[in-house]
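J.: sequence first, predicted coordinates after that:
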Amino acid sequence: MMAAGAPTLLKGCGKFALGIFVMLLPFVTSNLSAQETLSPRLQIGIGLLPAVIAANKSLQPQNNGASLPIYLVYRNNRQFAERLEPGLRKIKAIRGYSLAINKLSLEQLLESNPVPMSTIFIVEPIDDELDNLISFSQQRRLLLFSPFKGDVERGAMTGFKVTDKVLPMVNIAALRESNIQLKAFFLRIAVKYE
């Protein structure tokens, strides 16, 4: 079945082009809906996350097969976490730690007792609950990464800023509050929010 407006779009195209369009339409629309659910900010953030974790000086290198919990935290839509997980699964280890990826709702995370040095990656905006998550992460020494604009300024420890390139962004006060230190080379290239 053809999408509404397709005849107008294809006006003047030959039968061959029309045939290819009709054959590819289901694939194009399914890919579009998958891309709509994962914003570019989420994709950039999940790609940057391993470098941020590796820059954590508090995370001592391991060679005994220990695992490092990473929490993909959502508010209502677990699918965001499920779609981001494969990107992290490609990472075999960070500073000798294998990754233990957990998909939790914000409520489940706040009721849990994560190990210090774990990492939280916010996969869905949690505007009115962000302050609670910031306090929770600071008290438990958890590295909080948010790919959403404005969250680092509000107190998330790390994120990124897009200018003519993507730069990591850190909230120095939030890191201090959490007693988490990042390596100097990482801080040199990061945009710092005080």
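T.: Here it is on my side, so go on. Note that the structure is predicted; figures quoted are calculated from it, not measured.

J.: so residue 87: helix, strand or coil?
T.: Assigned with DSSP: H, G, I helix; E, B strand; the rest coil, residue 87 falls in the helix class.

J.: let me redo that: residue 125
T.: Strictly by three-state DSSP, residue 125 counts as coil.

J.: got a list of what it touches?
T.: Residue 125 makes contact with 75, 148, according to Cβ atoms under 8 Å, 6 or more residues apart in numbering. C-betas here are computed from N, CA, C, even on glycine.

J.: is the residue nearest to residue 115 when sequence neighbours are not counted bridged to anything, and to what?
T.: Of all residues not flanking residue 115 in the chain, residue 69 sits nearest, at 6.1 Å (Cβ to Cβ, 6 or more residues apart in numbering). Judged by DSSP bridges, the bridge partners of residue 69 are residue 100.

J.: and residue 49, how far from residue 63?
T.: Noted for residue 49: a distance of 22 Å to residue 63, by Cβ to Cβ, to the nearest Å.

J.: next one: residue 162
T.: Where residue 63 is concerned, residue 162 sits at a distance of 36 Å (Cβ to Cβ).

J.: residue 192 too?
T.: Residue 192 is 32 Å from residue 63, by Cβ to Cβ.

J.: neighbour-wise, which of these two wins?
T.: Taking neighbours as other Cβ atoms under 10 Å, residue 192 and residue 63 compare with residue 192 leading, 13 against 9.

J.: what about the strands in this structure?
T.: 67-74, 98-105, 119-122, 143-145, 158-162, 166-171, 191-193 (DSSP state E).

J.: the third one pairs with which strands, parallel or anti?
T.: The one in question is strand 119-122. strand 67-74 (parallel), strand 143-145 (parallel).

J.: quick one, what contacts the closest residue in space to residue 149 that isn't next to it in sequence?
T.: Leaving out its chain neighbours, the residue that sits closest to residue 149 by Cβ to Cβ, 6+ apart is residue 41, at 7.4 Å. Taking Cβ under 8 Å, 6+ apart as the contact definition, residue 41 lies against 147, 148, 149.

J.: thinking again about what came up before, closest one to residue 58 among the strands paired with strand 119-122?
T.: strand 143-145 (8.6 Å; Cβ to Cβ).

J.: average pLDDT across the closest one?
T.: Per-residue pLDDT values across strand 143-145 average out to 97.

J.: which residues are contacting it?
T.: 45, 49, 52-53, 56, 117-122, 133-134, 137, 156-159, 174, 178, 180.

J.: what of stretch 93-109?
T.: By Cβ under 8 Å, 6+ apart, the residues outside stretch 93-109 that reach it are 50, 53-54, 59-76, 78, 81-82, 85, 88-89, 91-92, 112, 120, 126, 129, 133, 136.

J.: again, 7 Å this time
T.: 50, 53-54, 59, 61-63, 65-75, 78, 81-82, 85, 88-89, 91, 126, 129, 133 (Cβ atoms under 7 Å, 6 or more residues apart in numbering).

J.: pass me the low-pLDDT residue ranges in this protein, would you?
T.: The chain contains residues with pLDDT under 70 at 1-37.
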